[in-house]
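K.L.:
What would the 3D arrangement of this be:
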Amino acid sequence: MLLVWLYGVMVVGAVSRSAVQISTEFEHAPLAYSLSAVAGLVYGFITYSLVRGGEFARKAARVCCAVELAGVLVVGTWTLVEPSAFPDKTVWSDYGIGYLFIPVILPITAMYWLRKSARQKDAA
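P.N.:
The predicted model follows:
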C-alpha cells in the first residue's frame, strides 16, 4: 500500500509540474519538460498496475520500474555530465535530488517488493 501511495504522490508531482511548465514555458526547456511528463506517465502506469494486481499487471509493473530506473540513471547522469542540455530541472535530474532521491529509490524498492511478493505467492 505504501508503494501505491508513493507512486501516486509522484504521479501528482510529475504530471502537475510538467503540465504547468509545458503550458507556460515549453520553449524554454522542451526536453526537460517533456521528460517530466514522460516520468509522470510512467509513474501513472506503475500505480495503475500495482492497484490492479494480478500476474500480468505485476510483470508490467516490473518492466516499467526497470524502465523508470534506467530513465533516472540516464537522465541523472546526463544532467551531471552536460548540464547545458537541461536549462531547467526534470523530475529525474541529478537522480531525483529535487524529490529527495525518491525517483531512484522507488523503482529499486518496487522491483524488490514485486519480486518478493511473487516468490511468496509461488510458495503458497
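
K.L.:
for this structure, which spans come out with low pLDDT?
P.N.:
In the prediction, the chain carries residues with pLDDT under 70 at positions 121-124.

K.L.:
helix or strand right after the helix or strand hosting residue 67?
P.N.:
Secondary structure from DSSP states H and E places residue 67 in helix 55-81. On the C-terminal side of helix 55-81, the closest following helix or strand by DSSP H and E is helix 102-123.

K.L.:
elements contacting that next one?
P.N.:
helix 2-25, helix 30-52, helix 55-81 (3 or more Cβ pairs under 8 Å, 6 or more residues apart in numbering; DSSP states H and E). (C-beta placed from N, C-alpha, C; glycine too.)

K.L.:
and those helices as a markdown table, adding mean neighbour count and distance to residue 113?
P.N.:
Supplementary listing: these in a markdown table, determined by neighbours: other Cβ atoms under 10 Å; distance: least, Cβ to Cβ, whole Å:
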| stretch | mean neighbour count | distance to residue 113 |
| --- | --- | --- |
| helix 2-25 | 16 | 6 |
| helix 30-52 | 20 | 9 |
| helix 55-81 | 17 | 10 |
